[in-house]
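> only geometry, no sequence info:
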């Protein structure tokens, strides 16, 4: 339950993105409310709790799930709790085709929905079953090949309310050869 005086995840996260306190946690397109979070796996060489788990630790501290000096550090649980909290929000969705799940520079890309679209998205998602089915259905959008955007470290994205699904997935397909994370090969390149 929400404690008085404690920010909910969405405003807390927006505050953290704006603060610049966490390396790699940044807006990719602030006007479209698209941001990225580093998502490096703890088994990767060079992973550090003080560098790669700071956002997750901060959320655990904010929610009271971790009290420094009293609780044993548990970055795996912090990350899982953060991921579950983020995935449970109807107004934040992952742009999976622009996230990089593997490698030393793994990250996830998310979009914060405008408040006016949240109710519509919630209602639309009830049509589908489990989350995986929902993601697959939303990813197979008929508009995807017709609406392309280019990302050249500037805001060249069409606003998601113009066309497409509630998360604007197809709008974020790129027609150039660099994806959001700076890798060559275009959207979906591995």
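Now that the structure is in, tell me what you want to look at. Being a predicted model, the structure only gives us computed values, none of them experimental.

> which residues sit against the top helix by length along the chain?
Secondary structure of the chain per DSSP state H: the longest helix is helix 75-88. Under the contact criterion CB atoms under 8 Å, 6 or more residues apart in numbering, helix 75-88 has outside partners 9, 13, 42, 49, 52-53, 55-57, 59-60, 63, 65-66, 92, 94, 110, 131. Glycine gets a C-beta too; all of them are placed from N, C-alpha and C.

> please repeat the previous calculation with a cut-off of 7 Å.
Applying CB atoms under 7 Å, 6 or more residues apart in numbering, the external contacts of helix 75-88 come out as 9, 42, 49, 53, 56, 57, 59, 60, 65, 66, 92.

> can you flag which of those residues belong to helices?
9, 49, 56, 57, 59, 60.

> quick check: PyMOL command selecting the buried ones in these.
Selecting only the buried entries of the ones in helices among the contacts of helix 75-88 in PyMOL, with 16 or more other CB atoms under 10 Å as the criterion:
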select buried, resi 9+56+57+59+60
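
> output the ones in helices among the contacts of helix 75-88 in TSV; the columns should cover pLDDT.
Converted to TSV, those look like this (pLDDT from 0 to 100):
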residue	pLDDT
9	97
49	94
56	98
57	98
59	98
60	98
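
> can I get the ones in helices among the contacts of helix 75-88 in JSON lines including distance to residue 114?
Compiled in JSON lines, those are given as follows (distance: CB to CB, whole Å):
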{"residue": "9", "distance to residue 114": "17"}
{"residue": "49", "distance to residue 114": "35"}
{"residue": "56", "distance to residue 114": "26"}
{"residue": "57", "distance to residue 114": "30"}
{"residue": "59", "distance to residue 114": "23"}
{"residue": "60", "distance to residue 114": "28"}
